[in-house]
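What shape does this take:
(chains A and B)
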Amino acid sequence: MNAHVAHHFDNAEQQFVTANLGMWLFLVTEVMFFSGLFAAYTIYRYLYPEAFHEGSRHLDIVLGTINTTVLLLSSLTVALSVRAAQLNKQKQLVWLLAATIALGAVFLVIKGVEYGHKFEEGLVPGSGFELRHPHDEAFASSSRARQVELFFAVYFAMTGFHALHMVIGLGIFITMLVLAIRGTFHSEYYTPVEVTGLYWHFVDIVWVFLFPLLYLVA
Amino acid sequence: MKEEHPSLATYWIVFAVLVGLLVVTVLVAEIKLPEDWMNLSLAMLIAAFKAVLIVLVFMHLWYRTAIIRIVAVAGVVWAFIGASLTLTDYFTRGWHEAAQPRVSVESVDRETAQGPRKPPAALEPPPAPTEGQIQPQR
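Next up is the predicted model:
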């Protein structure tokens, strides 16, 4: 019996499958959580299609595309880090985990820059929201402006919760990095890397849907 | 832990396909398809395909036991059931008709500021018949 198998498991494989099942169950609850947000998005886009087109035009497609690529690349480094652990490549595992953390941080920095632009342009829902129209003085107080404000409420709720998941993921990956440096993981025991990876890929999938729904409406 | 794993080449191919589909998504959004829902459906179809690729290869669901696959599929199915029931409720409340009047939103704002609105088109008398048209028999 290996030292890393807890006493209530028959063997390492049973322990590995159980941990995987637990993570998948958690991800199902996450699907439920985000499906509520997606339902809210669907209802408001159905009600105010033009406002969603208008709101989407204020988002930066270039930064959004770069961020999507960064996230996809981080998913690759996660997948490769699991593989490195399976093959007992300790150094490679440490580097790939570090690369994942770096890519996640890049994503959050770019997201922060985008949020900063929205604050400067007065596109954050609330008392500071001010949508100007070049040819229409009354536009800022029209009901269309209120509907665009609703788009940005949905935008900040969805990307905000996504970014929160990224921050949590980064925290777990930093823990994984420390454990990997200490040499905790090897070909017979890499379950924490695997299940953390599952979480990270899920967050990536959420963004895969968010990007076209928010940035590519117009 | 003796199950098979995806090869290094598989990971890189999946990544390349994901980035390729991202480029396709951005380019397709630039093309104006005849109807708005076509652009949306296409984007969601590509996103769903990307999600399936990530789930099967990156998340190793292809290589997992039946119980984990059932949990994963059940999660998506129940999310669809929950979302469908929610949306059937909201879509049958008549909010869409209230939110999308025949006249544009801006003109409603101005008209309500100026005075009473015109009666809706359905209440107006039908246009006088023009010559040459077939008249209904009385």
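
next SSE after the helix or strand hosting B:L87?
Assigning secondary structure by DSSP states H and E places B:L87 in helix B:66-91. Downstream of helix B:66-91, the first helix or strand assigned by DSSP H and E is helix B:95-99.

right, is that following helix up against chain A?
Yes: using C-beta under 8 Å from any C-beta of the partner chain, we find that helix B:95-99 touches chain A at B:W95, B:H96, B:A99. All C-beta spots, glycine's among them, are computed from the backbone N, C-alpha and C.

Name the nearest residue to A:I66, sequence neighbours excluded.
A:I110 (6.5 Å; C-beta to C-beta, 6 or more residues apart in numbering or on different chains).

which residues does the residue in chain B that chain A sits nearest to contact?
Going by C-beta to the nearest C-beta, chain A is nearest to B:G75 of chain B, at 3.3 Å. B:G75 is in contact with A:W24, A:L27, A:V28, A:V31, A:M32, counting by C-beta atoms under 8 Å, 6 or more residues apart in numbering or on different chains.

And the pLDDT for B:L53?
Predicted confidence (pLDDT) for B:L53: 96.

buried ones in the helix or strand harbouring A:V82?
Using DSSP H and E, A:V82 sits within helix A:61-86. Buried residues in helix A:61-86, counted by 16 or more other C-beta atoms under 10 Å in any protein chain shown: A:61, A:64-65, A:67-86.

for it, the distance to its chain's centre please.
Centre-to-centre, helix A:61-86 and its host chain are 11 Å apart (C-alpha atoms, centre = their mean, to the nearest Å).

That helix packs against which elements?
helix A:90-120, helix A:191-215, helix B:8-30 (3 or more C-beta pairs under 8 Å, 6 or more residues apart in numbering or on different chains; DSSP states H and E).

domain ranges for chain B?
B:1-64, B:65-100 (automatic domain parsing).

Name the residues of stretch B:20-40 that come out as buried.
Buried-residue list, stretch B:20-40, by 16+ other C-beta under 10 Å: B:L21, B:L22, B:T25, B:V26, B:V28, B:A29, B:N39, B:L40.

gap between the nearest residue to A:A85 once chain neighbours are set aside and A:L93?
Spatial nearest neighbour of A:A85, excluding adjacent residues (C-beta to C-beta, 6+ apart): A:Y190 at 3.5 Å. With distances taken as C-beta to C-beta, to the nearest Å, A:Y190 is found 8 Å from A:L93.

Find the residues that touch each one of those two.
A:A85.

Distance from the longest helix that chain A contains to the middle of the chain?
The longest helix of chain A (DSSP state H) is helix A:143-181. Using C-alpha atoms, centre = their mean, the distance from the centre of helix A:143-181 to the centre of the chain it belongs to is 6 Å.

check contacts around B:H96.
B:H96 neighbours (C-beta under 8 Å, 6+ apart): A:Y46, A:L47.

And it, how far from A:L47?
6 Å.

now swap in A:D60 and tell me
25 Å.

now do A:L63
Distance from A:L63 to A:L47, by C-beta to C-beta: 28 Å.

any idea what sits nearest residue 56, other than its immediate chain neighbours?
Went with chain A since none was named. Nearest to A:S56 is A:V217, by C-beta to C-beta, 6+ apart, at 3.5 Å.

that's the wrong chain, I wanted chain B
B:W62 (4.4 Å).
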